[in-house]
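Colleague: pasting the sequence and the predicted model now:
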Amino acid sequence: MEARAGLPEPPVVPLDVVVRSSPSMWTASYRKVLVAGDLLSAVIAFSVVELTRLWVGAFIPLYDIYFGLALTAIWPLTMGMAGGYRKRAHGEGTAEFRAVTEGGVGLIAVVAIGAYATQTMIARSYVMAMLPLAIFLTLLFRHQMRKRLHRARTNGEYMRRVVAVGHRASVIDLVMQFRRQPYHGMRVVAACLPYGADGEQMLDVDGVPVLGDFGDVPAIVDMVAADTVAVLACPELDGTALRRLAWGIESRGADLFVAPALMDVAGPRISVRPVAGMPLLHVEHPDINGIRQAVKSAFDKVVASLALFILAVPMLVIAVMIRATSPGKALFRQTRVGRHGREFQVLKFRTMVADAERLKHVLLQENESDGVLFKMRNDPRITGVGGLLRRYSLDELPQLLNVLRGEMSLVGPRPPLPAEVAQYGTDVRRRLVVKPGMTGLWQVSGRSDLSWEESVRLDLRYVENWSLMLDLQVLWKTWSAVTRGEGAY
């Protein structure tokens, strides 16, 4: 690569940093741990079933034991055939857990159908107990491994070294996203901007050195020991240029990620279809009014009913505590805007003094939000009990009644105030095409610590990519976010 006037010298990358962060180095050992853990999960499931059969006094023929041991031995192989050890599945997304579930269910089906077809007598406990237990234990083990990997990445370990290619604004956004969420395992170590446009006078992008333009990418990959190239949407990199870039980094073993111009649309809605010899990206519209939304509504109401039944006594105790520690009603009603702009009365446990709304205008100059929201970390209107309720989101439990009435969903965008909606632009109004939720991507990604722009982006991402699996994933993560109590005020 020829030196560019005004551009910084390439950084010297220590060998230990390259070895420690290289995917080829850590994914191999990580995969071995996964194989060992999966095998141990199957061994535990087999042992539990056999010991239970002995405990109840069941007769266990020798061929049954051999068959159970064979199922145990092929368990990691089944996980591998289902894609449970693919590098792309490590660390994030549902692909890893889906592979484990599909592999386990597939093995159950093969054993059950095979035994029926060949009239082979095998213990039903293997199909009905051992293999389901192995699936559960494997999922639990994989979840713990993922949490361990996320903690390591938070400390800067097991990270991909990324060269970002694109315009300055797109590169800055990518850098900020990776820094905000290190568990993705990506660290931008160099940037390539279009030379002569916004790259000629730019020495760095938010602390990331600019080492060249689009034609210098292969050389820069070698220079900074990168293992990943992230190409962001830009008109300069058309199909021909992108193909040449892929050829240039192929021999270097670097992965190529390409961000489409249509951002925040997840895989299930995207497919590539060859048309007239050209690969065209087909993007389906989100299912806003279809059968899946009816299933979501039914799921919301069933879960809300069960939650209210289980939490009735704790909610009564909370109401008594509120009434006993500060004057005023235990429940707080406030007008919020729901789906398609319809207003409704949201229910919450009161966490502030009775005349909090009247005092709000006095505190407007203390607003810490960068958008249309009013947020104040040390709001003097919050009562002692209210602070505890807010920290663990217990004040939102009455919203289960809003879910039962069909005004809210368990998962969705944050329910906005009418005054906030009045300031929405056209893009932000997209949040109102679905029901607001008790929790959402904003709840599990930082809560009140999020900026207004980030909160909107997460809500729009949810609207564009809703699925029941995503709802279950958010509900699972909500428990962790609430128990930590971070970002709640």
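Modeller: Looks like it came in fine. If you're wondering where the values come from, they're calculated on a predicted model, not measured in any experiment.

Colleague: helix, strand, or coil at V229?
Modeller: Under DSSP: H, G, I helix; E, B strand; the rest coil, V229 falls in the strand class.

Colleague: what pLDDT does it get?
Modeller: We have a pLDDT of 91 for V229.

Colleague: now R377
Modeller: The model's pLDDT for R377 equals 65.

Colleague: how about the nearest residue to T478, chain neighbours excluded?
Modeller: Distance criterion Cβ to Cβ, 6 or more residues apart in numbering; nearest residue to T478, sequence neighbours excluded, is T439 at 4.5 Å. Using the backbone N, CA and C atoms, a C-beta is placed for each residue, glycine as well.

Colleague: phi first, then psi, for the one you found.
Modeller: For T439, the backbone dihedrals are phi -140, psi 170 (criterion: degrees, to the nearest 10).

Colleague: residue contacts, it?
Modeller: 393, 410-411, 474-475, 478 (Cβ atoms under 8 Å, 6 or more residues apart in numbering).

Colleague: pretty sure V208 contacts V175?
Modeller: Yes - V208 lies in contact with V175 (Cβ atoms under 8 Å); the separation is 5.7 Å.

Colleague: and the strand or helix carrying I108, what's its mean pLDDT?
Modeller: Secondary structure from DSSP states H and E places I108 in helix 95-118. In this model, helix 95-118 has a mean pLDDT of 88.

Colleague: against which helices or strands is the helix or strand following that helix packed?
Modeller: Following helix 95-118 in sequence order, the next helix or strand is helix 124-125 (DSSP H and E). Packing partners of helix 124-125 (3 or more Cβ pairs under 8 Å, 6 or more residues apart in numbering; DSSP states H and E): helix 23-55.

Colleague: list the helices and strands the helix it packs on packs on?
Modeller: helix 62-81, helix 124-125, helix 131-154.

Colleague: do that again at 6 Å, thanks
Modeller: helix 62-81, helix 131-154 (3 or more Cβ pairs under 6 Å, 6 or more residues apart in numbering; DSSP states H and E).

Colleague: a markdown table for those, including mean neighbour count, mean pLDDT and distance to R339?
Modeller: Formatted as a markdown table, the helices and strands packed on helix 23-55 follow (neighbours: other Cβ atoms under 10 Å; pLDDT from 0 to 100; distance: least, Cβ to Cβ, whole Å):
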| stretch | mean neighbour count | mean pLDDT | distance to R339 |
| --- | --- | --- | --- |
| helix 62-81 | 17 | 90 | 41 |
| helix 131-154 | 17 | 92 | 33 |
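
Colleague: can you add distance to P398 and give those back as TSV?
Modeller: Output for the helices and strands packed on helix 23-55, formatted as TSV (distance: least, Cβ to Cβ, whole Å):
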stretch	distance to P398
helix 62-81	43
helix 131-154	31
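
Colleague: nearest to E250, out of the ones you listed?
Modeller: For E250, the closest of those is helix 62-81, at 25.6 Å, according to Cβ to Cβ.

Colleague: and that closest one with helix 95-118, angle?
Modeller: For helix 62-81 against helix 95-118, the angle by axes from the mean of the first three to the mean of the last three Cα atoms, to 10 degrees is 140 degrees.

Colleague: how about the CA coordinates for helix 62-81, as CSV?
Modeller: Coordinates of each C-alpha in helix 62-81 appear next as CSV, following Å, rounded to 0.1, in the frame of the first residue of the first chain:
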residue,chain,number,x,y,z
LEU,A,62,-28.1,-55.4,29.3
TYR,A,63,-29.0,-54.4,25.8
ASP,A,64,-30.9,-51.4,27.2
ILE,A,65,-27.8,-50.2,28.9
TYR,A,66,-25.7,-50.6,25.7
PHE,A,67,-28.4,-48.6,23.7
GLY,A,68,-28.4,-45.8,26.3
LEU,A,69,-24.6,-45.6,26.2
ALA,A,70,-24.8,-45.5,22.4
LEU,A,71,-27.3,-42.6,22.6
THR,A,72,-24.9,-40.8,25.0
ALA,A,73,-21.9,-41.3,22.8
ILE,A,74,-23.6,-39.9,19.6
TRP,A,75,-25.1,-36.9,21.4
PRO,A,76,-22.2,-34.6,20.5
LEU,A,77,-22.4,-35.9,17.0
THR,A,78,-26.1,-35.1,16.8
MET,A,79,-25.3,-31.6,18.0
GLY,A,80,-22.7,-31.2,15.4
MET,A,81,-25.0,-32.4,12.6
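
Colleague: show me what that helix is packed up against.
Modeller: Counting contacts by 3+ Cβ pairs under 6 Å, 6+ apart, helix 62-81 packs against helix 23-55, helix 95-118.

Colleague: am I right that L149 is in contact with E96?
Modeller: No - at 10.9 Å, L149 does not count as touching E96 under the criterion of Cβ atoms under 6 Å.

Colleague: domain-wise, how is the protein divided?
Modeller: Domain assignment for the chain, taken from automatic domain parsing, gives 21-154, 159-259, 291-484.

Colleague: these: which one's closest to H285?
Modeller: domain 291-484 (9.5 Å).

Colleague: how far off centre is that closest one?
Modeller: 20 Å (Cα atoms, centre = their mean, to the nearest Å).

Colleague: before we move on, the earlier item: quickly list what's touching both of V208 and V175.
Modeller: Common neighbours of V208 and V175 are listed as V188 (criterion: Cβ atoms under 6 Å, 6 or more residues apart in numbering).

Colleague: show me where the stretch 201-350 of the chain dips below the pLDDT cut-off.
Modeller: 201-202, 260-279, 281-282, 284 (pLDDT under 70).

Colleague: how near is W452 to V428?
Modeller: Separation of W452 from V428 (Cβ to Cβ, to the nearest Å): 10 Å.

Colleague: and those two? which has more neighbours close in?
Modeller: With neighbours defined as other Cβ atoms under 10 Å, W452 and V428 compare such that V428 has more, 19 against 15.

Colleague: helix/strand/coil for L410?
Modeller: Relying on three-state DSSP, one would call L410 strand.

Colleague: can you check which of the helices and strands packed on helix 23-55 gets nearest to Y195?
Modeller: Nearest to Y195 among the helices and strands packed on helix 23-55 is helix 131-154 (32.7 Å), distances taken as Cβ to Cβ.

Colleague: elements contacting the closest one?
Modeller: helix 23-55, helix 95-118.

Colleague: and it, how far out from the chain's middle?
Modeller: For helix 131-154, the distance to the chain centre is 15 Å (Cα atoms, centre = their mean).

Colleague: what pLDDT, on average, does the helix or strand following it get?
Modeller: Note on helix 131-154: by DSSP H and E, the next helix or strand toward the C-terminus is strand 160-165. Mean pLDDT, strand 160-165: 90.
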